[in-house]
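**Q** Below is the sequence, then the predicted model.
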Amino acid sequence: MIETAAAARSPRSSAEIFVAFTRMALQGFGGVLPIVHRELVERQRWLTEREFVELLAIGQLLPGPNVINMGLMFGDRHFGWRGALAAVTGMMALPLAIVLALATAYQQFASVPAVAGALRGMGAVAAGLVVTTAIKLASTLRTSAIGRPASWVLAGLAFATVGLLRWPMVWVVLGLGALAMAWAWYGLARRTTP
């Protein structure tokens, strides 16, 4: 199984990181996290499931986009600042050029119903990819300091407060994040005490 397998190899060069992150960026629409997981864990085997979750957790705590933060940390881990620069440049350069070209084209075709429908459909696909990644990563909850049931409770609370009640995400993340950290601290303290 993937989550128990050790990372089989490391990238050979910062150029290899650049190519991999460019490939990931070109596959993502509305969110690239599922593609990053597939590329780094399943395809390249540069990270284990656990390492991926750890990088993601740290990336979510830092300001800025999660995947960019993950790329910075991943690249730095292997080739220092050159690897970090390769990952971020790979993730941003070509997609930036494409987005600028599409923004120019969108000004011309925004009123066409097929264009609006295509964008709504792609949003649904992106949501499905995120849910699929969450399901794949759920296996890492077994070793979580919080535990699987509490993790599901926190996920349900996050969905209810943001998705249903429409509370501002910043306050939900701060509140539930503080609760989750306290819960994890308690769980880790219980594990270490005899």
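**A** Done, it's in. Numbering: from 1, shown residues only.
**Q** quick one: buried residues of the least confident helix or strand in the chain by mean pLDDT?
**A** Within the chain, judged by mean pLDDT, DSSP states H and E, the helix or strand with the poorest mean is helix 113-137; its value is a mean of 80. Neighbour-count burial for helix 113-137 flags Ala126, Leu129, Thr133, Lys136, Leu137 (criterion: 16 or more other Cβ atoms under 10 Å). C-beta: built from backbone N, CA, C; applies to glycine.
**Q** Next: stretch 56-72.
**A** Residues of stretch 56-72 classed as buried under the neighbour-count rule (16+ other Cβ under 10 Å) are Leu56, Gly59, Pro65, Asn66, Val67, Ile68, Asn69, Met70, Gly71, Leu72.
**Q** With stretch 88-100 instead?
**A** Across stretch 88-100, burial judged by 16+ other Cβ under 10 Å covers Val88, Thr89, Gly90, Met91, Met92, Pro95.
**Q** Contacts for the least confident helix or strand of the chain next, please.
**A** 28-31, 33-35, 37, 49, 52-53, 106, 109-110 (Cβ atoms under 8 Å, 6 or more residues apart in numbering).
**Q** quick one, what contacts the residue nearest the centre of the chain?
**A** To find the centre residue of the chain, average its C-alpha atoms and take the closest one (Cα atoms, centre = their mean): that gives Leu33, at 3.7 Å. Taking Cβ under 8 Å, 6+ apart, we find Leu33 in contact with Leu56, Asn66, Val67, Leu129, Val130, Thr133.
**Q** separation between the closest residue to the last one other than its chain neighbours and Ala127?
**A** When you say that, I think you mean Thr133. Spatially, and ignoring its direct neighbours in sequence, Thr133 is nearest to Pro34 (4.1 Å; Cβ to Cβ, 6 or more residues apart in numbering). Spatial separation of Pro34 from Ala127 under the definition Cβ to Cβ, to the nearest Å is 11 Å.
**Q** what helices or strands is the longest helix along the chain leaning on?
**A** Taking residue count as the measure and DSSP state H as the definition, the longest helix of the chain comes out as helix 66-109. Helices and strands in packing contact with helix 66-109 are listed as helix 14-27, helix 33-37, helix 49-61; criterion 3 or more Cβ pairs under 8 Å, 6 or more residues apart in numbering; DSSP states H and E.
**Q** Using CSV, write down the CA coordinates of the longest one.
**A** Just to be clear, that refers to helix 14-27. Extracted as CSV, the C-alpha positions of helix 14-27 are listed here (Å, rounded to 0.1, in the frame of the first residue of the first chain):
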residue,chain,number,x,y,z
SER,A,14,16.3,20.9,-9.7
ALA,A,15,15.4,20.7,-13.4
GLU,A,16,13.5,17.5,-12.7
ILE,A,17,11.6,19.3,-9.9
PHE,A,18,10.9,22.2,-12.3
VAL,A,19,9.5,19.8,-15.0
ALA,A,20,7.4,17.9,-12.4
PHE,A,21,5.9,21.0,-10.9
THR,A,22,5.2,22.5,-14.4
ARG,A,23,3.4,19.3,-15.3
MET,A,24,1.4,19.4,-12.1
ALA,A,25,0.4,23.1,-12.7
LEU,A,26,-0.8,22.4,-16.2
GLN,A,27,-3.1,19.6,-15.0
